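Asks: sharing a model prediction with you, sequence too.
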Amino acid sequence: MGKFIIEGGVPLKGKVRISGAKNSALPLMAACLLTEGRCQLKNVPQLVDIITMKKVLEGLGSVIERENEGLKIDCTSLSNYEAPYELVRMMRASILVLGPLLARLGRARVSLPGGCAIGRRPVDLHLKGLVQMGAKIEVREGYIEAYAKRGLKGDNIYLDLPSVGATENIMLAASVARGVTVIEGASRAPEIIELATFLRKMGAKIEGVGTDSIRVEGVRELHPASYSIIPDRIEAGTLLIAGAITGGEVVLKEILPHHLGIVLAKLREMGMEIEVKDNQIRILGNHPRPVKIKTLPYPGFPTDLQPQMTSLACLAQGTSIITETVFEDRFAHIAELQRMGAQIERKGQMVIVKGVPFLEGTIVKASDIRGGAALVLAGLAARGVTQICDIHHIDRGYERLEEKLSRLGARIKRVEE
Ligand code: EPZ
């Protein structure tokens, strides 16, 4: 178990390159299961979650080589259809192999992911969509037992909410199902667009991505393709907030600004100066003004930046209101921020953050990826030294975060316990 030791109070300055997007790389890795032959993914971040997905695919019989910043994934000879509990419990996104395995092999056995630090996180919408496409699904002893001996058939599927994972799983299965599948109430997130673009390169027929109605015309088979992963919009947002909370001047390189529209708008509302030029964003941090934020499915404010913005709001000149509508319990970071002197009151899905003049470094604990990142940001701004324990949570979603921050002048070091 490792920890970060941060000496706060240093305004960050400099340029940083954003890594490839974890939440785009994971579904694209699962998509490789749909075809024989070797796919190539470039700009894949070196993260614990990517390593876990690599183990899941290798357990199914895939042959995967890492080369430079990419992966070569060959799923020609799948010899297994089970994603085991010990891997799925480490990373919920393992559930994304369910649709492809059913489509490819007509059989899948995937451990129920179980909840995590941010909520129950059921997969009922994934299962409901696949059953509508003809799969027979039972849940037995903590495992999803899924069968589709006669293959899958297209159908009109209505999602009760725009679940990113359910949209991905159904789109993956529908790409080689018999007939047409329409997903109504689909997620509009960039990661959905990226998955559809990769599937199209493999020969899939998909339209409507980016809207809430996606139409997939199943094809007999797909072929391998290569693809470069987009920059990680959540890492980008996290580093922008790092520049903001330390009153520094940070430039992000090689990013897609249009994926961060509402995030830039909210940072501007809080008084930050932001300049967007081509694929770069420059932020000049000022003493933050209070803000009202409500997380919503894309293009609404991303839930994955809610904890980080809460840290920034702790130092605002006034009272901010932050409401989390996507996950029912994404507030583990609040108690830790309170230990640093933050004035935060939780009322159901809302937190009322009364700005304080400063936060004080102390020992705190990460309990999920983005909550951990929020504590790093608070530590960068706090007086004195902050020790963040259980940073393995952070390593799941950020590639060498301490190196990126150190290059911007932060006094942060990793200590392996
Ligand atoms: C993806 O998770 C991301 N993970 C999450 O990022 C992100 O927070 C989330 O989308 C929302 O944007 C990956 O892409 C690997 P959902 P996912 O299905 O697909 C409920 C991070 O930190 N729901 O859109 O699991 C669910 O409980 C992670 O990188 C159902 O009720 O999110 C949640 O309340 C955290 N039934 C809401 O929908 C279902 O069948 C949104 O979940 C599925 C979801």
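Replies: Nice, I can see it.
Asks: can you get me a residue count around Thr76?
Replies: By the criterion of other CB atoms under 10 Å, Thr76 has 12 neighbours. Glycine gets a C-beta too; all of them are placed from N, C-alpha and C.
Asks: same deal with Glu67?
Replies: Number of residues near Glu67 (other CB under 10 Å) recorded here: 10.
Asks: partners of it in the sheet?
Replies: Glu67 forms beta bridges with Gly70, as assigned by DSSP bridges.
Asks: host element of Ile255?
Replies: Counting by DSSP states H and E, no helix or strand carries Ile255.
Asks: go on, Arg220?
Replies: Element membership for Arg220, per DSSP H and E: none, as it lies in no helix or strand.
Asks: what's the closest non-adjacent residue to it?
Replies: Val176 (7.3 Å; CB to CB, 6 or more residues apart in numbering).
Asks: so which residues of the stretch 201-350 of the chain form strands?
Replies: Secondary structure of the stretch 201-350 of the chain by DSSP state E, counting those that start in this stretch: the strands cover 205-207, 213-217, 226-228, 249-253, 273-277, 280-284, 292-294, 319-323, 343-347, 350-354.
Asks: turn those into CSV, including mean neighbour count.
Replies: Shown next, in CSV, are the strands of the stretch 201-350 of the chain (neighbours: other CB atoms under 10 Å):
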stretch, mean neighbour count
strand 205-207, 16
strand 213-217, 20
strand 226-228, 17
strand 249-253, 19
strand 273-277, 13
strand 280-284, 19
strand 292-294, 17
strand 319-323, 18
strand 343-347, 13
strand 350-354, 19
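Asks: would CSV of those with mean pLDDT be doable?
Replies: Converted to CSV, the strands of the stretch 201-350 of the chain look like this (pLDDT from 0 to 100):
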stretch, mean pLDDT
strand 205-207, 98
strand 213-217, 98
strand 226-228, 98
strand 249-253, 97
strand 273-277, 97
strand 280-284, 98
strand 292-294, 98
strand 319-323, 98
strand 343-347, 98
strand 350-354, 98
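Asks: between the ones you listed, which gets nearest to Arg66?
Replies: strand 226-228 (14.8 Å; CB to CB).
Asks: and that closest one, how far out from the chain middle?
Replies: Chain-centre distance of strand 226-228: 19 Å, with CA atoms, centre = their mean, to the nearest Å.
Asks: how many other residues sit next to the closest residue to Leu26 other than its chain neighbours?
Replies: Of all residues not flanking Leu26 in the chain, Ala93 sits nearest, at 4.5 Å (CB to CB, 6+ apart). Ala93 has 22 neighbouring residues, counting by other CB under 10 Å.
Asks: about what we covered before: could you dump the strands of the stretch 201-350 of the chain to a markdown table with distance to the ligand?
Replies: Formatted as a markdown table, the strands of the stretch 201-350 of the chain follow (distance: least, CB to the nearest ligand atom, whole Å):
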| stretch | distance to the ligand |
| --- | --- |
| strand 205-207 | 18 |
| strand 213-217 | 15 |
| strand 226-228 | 17 |
| strand 249-253 | 18 |
| strand 273-277 | 23 |
| strand 280-284 | 20 |
| strand 292-294 | 14 |
| strand 319-323 | 14 |
| strand 343-347 | 17 |
| strand 350-354 | 16 |
